[in-house]
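[1] A structural model of the following input is requested.
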Amino acid sequence: MIPILLIAIPLLSGSISFFLRNAKLVKRLALFSSIITLAIMLVNVFGLYKSDAFSAPWIPALGATFTVSLDGMSRLLCLLTAVSFPIIFIATYKNEYKNAPSFYAWMLLSQAGLMGVFVAADALLFYFFWELALIPAYFLCSQWGGEKRIQATFKFFIYTFAGSLLMLVGIIYLYTLTPDQSFSIQAFYNLKLSVAQQSWLFWLFFIAFAIKMPIFPFHTWQPDVYEQSPIAATMVLSGIMVKMGLFAVMRWLLPIFPQASHQYAHIIITLSIIGIIYASLIAIRQDDLKRLVAYSSIAHIGLMCAALFAQNTMSMQGVMIQMFSHGINIIGLWIVVDAIECRTGTRKISQLGGLATKAPILTTLLVIVALANIALPLTNAFVGEFLMFNGLFQYNIIAAAVAGLGIILAAVYMLSMIRNVFYGEESSAVVKAVDIHAFIKIALIFIVLLILVFGVYAKPLLQMIQ
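    Residues are numbered from 1 along each chain as shown. Here you go, the predicted model:
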């Protein structure tokens, strides 16, 4: 019942929001719905209600069932989704949107789709929720984005639609091979595929997942979409939605195509490491805060993808922990970027400086989030990165060493950003700036608490994914 509620509550709230006309009412409904979803998720996490699977006929003629379940992997990502949406709604509570009911409706529908992706145990159902999670992103960017939103959304649509079609072809082919004509994940796991079959099917699925992460060279849609999307949608995209690709690799790709995954691991790891260095170097040269955070995200996802294909227990555990930690940290960075732009009217680093004197609380909270983003010990990201690098080291020492350069480069662009934006001579753009309001304080303080708690004591997360 829990997985059903995780999908049904945001789905129902989002559907109702379309028919409301009061902006304040729909805003409160969205926040209330996200808090209820979080409460239900916490009930499951703390073991107060153990019902974590549900199955019912869906499309009997095709052998598709509505089968959902919560295991360690899906539970952690559902928790990330449940935690993130209240933070996002609180941090952006004072933001005004034209046609607010539709905006919050699409936000809630994206949450429902994300929950469905993480709990689906039927391939056709997984594909359905994969698309349900992506469709709201198209509307959020195209209707509430920046001046170049149409071009960015078009590129996003082409990339993700092409990837989804490739995955659908692969799913249908695997379905025809199952003895009982089933889309069940277990039926797919039980298939005895030849090496030749695995070789071409692997790429159909991997390209779809690589576009969603994204990793080099499938990343070119990401900076533009992050820059042009409204900040709340950007938080969903970078904090949670990119994890769909990583999760899908672990849930579907590696178990169904084990031989192909080993055969092509060196190619994927090489591309991922190129992406780490490439994105980090571009981030160093960025003058726009949004694009800096966007390229930072590409570098972090590249490390997670490389660790996934190292395919050992330590690297897998590290990726799971890091997906949760990265989601929390990157949302914190986006909250800070939005707060800076709202107070100064610019995202240009070259036009900022001395903001610490005007916004000391924002500065303090950002420094903690930024240090977590570069995986400083005693922050949540350190645990995941330590495990991932250990896993990569077991796979190949050189790969681990080159990927490790990303940590140094991350320190360069994050610390440079802090210095140029918050310290030094006060620029004209920050003269009238004020510190953050209560809603942003609440959101950032909660993120900082998560960073410090799981940085010091990560055992609960490790136990969850056992």
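
[2] got the domain ranges for this protein?
    Following automatic domain parsing, the chain resolves into domains at 1-263, 283-466.

[3] strands along the protein, start to end?
    53-59, 64-69 (DSSP state E).

[4] so which of those strands is nearest residue 386?
    With Cβ to Cβ as the criterion, residue 386 lies closest to strand 64-69 of those, at 29.9 Å. Every C-beta, even on glycine, is put in place using the N, C-alpha and C of the backbone.

[5] residue 65 versus the closest residue to residue 88 other than its chain neighbours, what's the distance?
    Counting by Cβ to Cβ, 6 or more residues apart in numbering, residue 88 lies nearest to residue 235, which is 4.9 Å off, once chain neighbours are set aside. Residue 235 sits 33 Å away from residue 65, going by Cβ to Cβ, to the nearest Å.

[6] again, but for residue 101
    Counting by Cβ to Cβ - residue 101 and residue 65 are separated by 34 Å.

[7] and the longest helix for the chain?
    Looking across the chain with DSSP state H, the single longest helix is helix 313-344.

[8] what's that helix packed up against?
    Counting contacts by 3 or more Cβ pairs under 8 Å, 6 or more residues apart in numbering; DSSP states H and E, helix 313-344 packs against helix 72-91, helix 231-236, helix 243-248, helix 289-310, helix 360-373, helix 380-395, helix 438-456, helix 459-464.

[9] rounded mean pLDDT for the last one, please.
    Which is helix 459-464. Averaged over helix 459-464, pLDDT sits at 82.

[10] what sits up against it?
    45, 72, 75, 76, 79, 317, 320, 321, 324, 383, 454 (Cβ atoms under 8 Å, 6 or more residues apart in numbering).

[11] output that helix as CSV, restricted to C-alpha atoms.
    Extracted C-alpha coordinates of helix 459-464, given in CSV (Å, rounded to 0.1, in the frame of the first residue of the first chain):
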residue,chain,number,x,y,z
LYS,A,459,24.9,4.1,9.0
PRO,A,460,21.1,4.5,8.5
LEU,A,461,21.6,5.0,4.8
LEU,A,462,24.0,2.1,4.5
GLN,A,463,21.5,-0.1,6.4
MET,A,464,18.7,1.0,4.1
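
[12] list the buried residues in it.
    By neighbour count with 16 or more other Cβ atoms under 10 Å, helix 459-464 contains the buried residues 461, 464.

[13] now do that helix: distance to the chain's middle.
    Relative to the centre of its chain, helix 459-464 is centred 20 Å away, using Cα atoms, centre = their mean, to the nearest Å.

[14] need the contact list for the residue nearest in space to the middle of the chain.
    Residue closest to the average C-alpha location in the chain (Cα atoms, centre = their mean): residue 240, at 2.5 Å. Going by Cβ under 8 Å, 6+ apart, residue 240 touches 77, 80, 81, 84, 114, 327.

[15] for the fifth one, give me its contacts.
    By Cβ under 8 Å, 6+ apart, the contact list for residue 114 reads 81, 129, 133, 236, 240, 241, 244.

[16] what sits against the first one?
    Which is residue 81. Counted by Cβ under 8 Å, 6+ apart, residue 81 has contacts 111, 114, 115, 118, 240.

[17] neighbours of the first one, just the number please.
    What that stands for is residue 111. 30 (other Cβ atoms under 10 Å).

[18] same thing with the third one?
    Other residues within reach of residue 115, judged by other Cβ under 10 Å, total 31.

[19] for residue 36, see how far away it is.
    Residue 115 sits 13 Å away from residue 36, going by Cβ to Cβ.

[20] ok, back up a step: now the residue nearest to the centre of the chain: how far from residue 118?
    Using Cβ to Cβ, we find residue 240 at a distance of 9 Å from residue 118.

[21] which neighbours do these two have in common?
    In contact with both residue 240 and residue 118: 77, 81, using Cβ under 8 Å, 6+ apart.

[22] quick one: distance of stretch 328-341 to the chain centre.
    On Cα atoms, centre = their mean, the centre of stretch 328-341 falls 14 Å from the chain's centre.

[23] tell me the buried residues in that stretch?
    Buried, per 16+ other Cβ under 10 Å, within stretch 328-341: 328-340.

[24] before we move on, the earlier item: looking at the strands of the chain, which one is packed in the most?
    strand 64-69 (a mean of 20; mean count of other Cβ atoms under 10 Å).

[25] that one packs against which elements?
    Counting by 3+ Cβ pairs under 8 Å, 6+ apart, strand 64-69 packs on helix 2-17, strand 53-59, helix 100-119, helix 123-144.

[26] in TSV: the ones you listed, plus mean pLDDT.
    Listed next are those as TSV, based on pLDDT from 0 to 100:
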stretch	mean pLDDT
helix 2-17	91
strand 53-59	82
helix 100-119	92
helix 123-144	88
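
[27] can you count the residues close to the nearest residue to residue 262 once chain neighbours are set aside?
    Nearest non-adjacent residue to residue 262, counting by Cβ to Cβ, 6+ apart: residue 311, 7.1 Å away. By other Cβ under 10 Å, the residues close to residue 311 number 16.

[28] now residue 311: how far from residue 228?
    Here the criterion is Cβ to Cβ. By it, residue 311 lies 36 Å from residue 228.
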